[in-house]
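Q: Need a 3D model of the following:
(chains A, B, C and D)
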There are 2 protein chains.
Amino acid sequence: MISDFDVLLKLAEENNLKNKNTVTTIGLSKSLTVSQQTISRKLIELEKAGLIVRNSSYRGITFSLTEDGTKFLNEKFIKLRNVLTKTTRNSIEGEIVSGLGEGKYYVSQKEYMLEFKKKLGFEPYAGTLNMNVNEMELAEFLSNIQMVVINGFKKSERTYGEIYSYPVRINKELEGAIIIPKRTSHSRKIVEVIAPVFLRGTLKLTFGDTIELIGKK
Amino acid sequence: MISDFDVLLKLAEENNLKNKNTVTTIGLSKSLTVSQQTISRKLIELEKAGLIVRNSSYRGITFSLTEDGTKFLNEKFIKLRNVLTKTTRNSIEGEIVSGLGEGKYYVSQKEYMLEFKKKLGFEPYAGTLNMNVNEMELAEFLSNIQMVVINGFKKSERTYGEIYSYPVRINKELEGAIIIPKRTSHSRKIVEVIAPVFLRGTLKLTFGDTIELIGKK
DNA sequence: ATTACTACGATCCGAGTAA
DNA sequence: TTTACTCGGATCGTAGTAA
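A: Presented below is the predicted three-dimensional model:
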């Protein structure tokens, strides 16, 4: 019995070894020891599931992993990493960048504000600190923090979605949280941090400075 | 369709590779969204395949992963790491720090110098640029560069060991290499960079500035 | 409470084969 | 050469249930 994971991992390996993204179902079937027909069907299923995009002809199949496909593998990687290595990532560093973030808009909404106060224990300053981080480090870091779900709401015909928040300690001084809107599916290089105070002011930071977040709990 | 990998990973997460732990088939069935009966059968199969040892009673199942079970997960982990790090990291940034490095001493040795010229294609300036980097980023970065081994030698009863060098491009302008003595076993936060010119002068850098290295090949 | 057997419908695999 | 369809046999998943 072959799984999506097996096939996707093999595709990712093929994709890396050669720079070409062309494979044949026969080649894959040999390296995975299943039939050509099964591979053909599996690739169709993976495409339907949105994990790859695919273009087949009588000369083979060209493909690439979608963002969701990479994310799928990355999640497995992080779980394995947490299980197989004793040291887990409970801190992350990042560079402060200027914000064109949507976060400020969110924290300005009264309804979110009340939720933040109730669930995180503080009323956030009406702005966010934007931070440039390594994507893989971020994924590892977040996987070790207990996520707090901030409920969405509806107001004047617009729907405001759920926000995932991750409590952190900032530069070993201040309490705060990383916030990530639920509907954001792509992985991020920039995250937004909220806190009860104006962080750039309180910590005397300028763009380009590095700050450290430590996961709480 | 649930795979051995899914179940084994969940088991490993449950006990975090401690020696023994107790789970219930009902609990596992909920977190993996399959039936209790399927989990029961899967655990029996995993035991027959030699991936876990298992002891069941009316109070639950105590189990542990066998060596083969851990190996199974570890192989997946390594494949994922190779695939995911290769696609993500071929550059690294770091801050220039003042050097108390041993590198300057090395590049001053005639024997090393000749090796550098022969194998890297340039004769290094007799000094190194010291750079503060994130250890994990460095490990990922270096794993993607083809290492060039600089041979050691003996001179007046002292042994000079091998040096590992990693060709890089500096700030998209200059050729150079990271050098790491072979006998250094601990992971490093500071690496030394060599180049055919005095880097701080040529690039007009001062301590605290950030530079970017891009892996070659 | 549990685990795990039986039975059977659902799903998967792959040989044959069309395009 | 390919990919990918059909379909029969094999395997999987789960409801019911015994222990």
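
Q: going forward, measure contacts and count neighbours with C-alpha atoms only.
A: OK.

Q: Domains in chain A, by residue range?
A: Domain ranges of chain A: A:4-70, A:89-215, per automatic domain parsing.

Q: Please enumerate the helices of chain A.
A: A:4-17, A:25-32, A:36-48, A:67-84, A:103-107, A:110-120, A:135-143, A:199-202 (DSSP state H).

Q: out of those, which comes closest to residue B:137?
A: helix A:135-143 (9.1 Å; Cα to Cα).

Q: picking up where we left off before, which one, of the helices of chain A, ends up nearest to DNA strand C?
A: The minimum distance between DNA strand C and the helices of chain A falls on helix A:36-48, with 4.8 Å, by Cα to the nearest atom of the strand.

Q: Give me the contact status of the closest one with chain B.
A: No - on the criterion Cα under 8 Å from any Cα of the partner chain, helix A:36-48 is out of touch with chain B, staying 12.5 Å away.

Q: My read is that residue A:73 contacts residue A:7, right?
A: No - counting by Cα atoms under 8 Å, residue A:73 stays clear of residue A:7, with 11.0 Å between them.

Q: Dump the domains of chain A to a markdown table, plus mean pLDDT, mean neighbour count and distance to DNA strand C.
A: Output for these, formatted as a markdown table (pLDDT from 0 to 100; neighbours: other Cα atoms under 10 Å in any protein chain shown; distance: least, Cα to the nearest atom of the strand, whole Å):
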| stretch | mean pLDDT | mean neighbour count | distance to DNA strand C |
| --- | --- | --- | --- |
| domain A:4-70 | 86 | 16 | 4 |
| domain A:89-215 | 86 | 17 | 25 |
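
Q: The residue of chain A most remote from its centre and residue A:22, how far apart?
A: If you look at how far each residue of chain A sits from its centre, by Cα atoms, centre = their mean, the farthest one is residue A:58, at 36.8 Å. Here the criterion is Cα to Cα, to the nearest Å. By it, residue A:58 lies 12 Å from residue A:22.

Q: Let's see stretch A:28-46 as CSV, backbone CA atoms only.
A: What follows is stretch A:28-46, C-alpha atoms only, in CSV (Å, rounded to 0.1, in the frame of the first residue of the first chain):
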residue,chain,number,x,y,z
LEU,A,28,8.6,6.0,-10.6
SER,A,29,6.8,2.7,-10.5
LYS,A,30,10.2,0.9,-10.4
SER,A,31,11.7,3.0,-7.7
LEU,A,32,8.6,2.7,-5.6
THR,A,33,7.9,-0.9,-6.4
VAL,A,34,4.4,-0.5,-7.5
SER,A,35,2.8,-0.7,-10.9
GLN,A,36,2.8,1.9,-13.6
GLN,A,37,-0.9,2.1,-13.4
THR,A,38,-0.9,2.8,-9.7
ILE,A,39,1.6,5.7,-10.1
SER,A,40,-0.5,7.1,-12.9
ARG,A,41,-3.5,7.1,-10.7
LYS,A,42,-1.6,8.4,-7.7
LEU,A,43,-0.3,11.4,-9.6
ILE,A,44,-3.8,12.2,-10.8
GLU,A,45,-5.0,12.1,-7.2
LEU,A,46,-2.1,14.3,-6.0
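
Q: hmm, who's touching that stretch?
A: A:2, A:4, A:7, A:10, A:25-26, A:52, A:54 (Cα atoms under 8 Å, 6 or more residues apart in numbering or on different chains).

Q: if you set the cut-off to 7 Å instead, what comes out?
A: A:25-26, A:52 (Cα atoms under 7 Å, 6 or more residues apart in numbering or on different chains).

Q: Go through these and name the one nearest DNA strand D.
A: For those, with DNA strand D as the reference and Cα to the nearest atom of the strand as the criterion, the closest is residue A:25, at 4.0 Å.

Q: OK, contacts around that closest one?
A: A:36, A:39-40.

Q: Residue numbers of chain A in contact with chain B?
A: By the rule Cα under 7 Å from any Cα of the partner chain, the part of chain A lying against chain B is A:3, A:12-13, A:16, A:77, A:80, A:83.

Q: ok, now which ones touch residue A:58?
A: No contacts exist for residue A:58 under Cα under 7 Å, 6+ apart.

Q: Tell me what residue A:178 is bridged to.
A: Beta-bridge pairing of residue A:178 under DSSP bridges involves residue A:166, residue A:193.

Q: so who does it touch?
A: A:165-167, A:191-194.

Q: Taking the residues you listed, tell me the two that lie furthest apart.
A: A:167 and A:191 (13.2 Å).

Q: ok, and the closest non-adjacent residue to residue A:190?
A: Nearest residue to residue A:190, sequence neighbours excluded (Cα to Cα, 6 or more residues apart in numbering or on different chains): residue A:132, at 4.5 Å.
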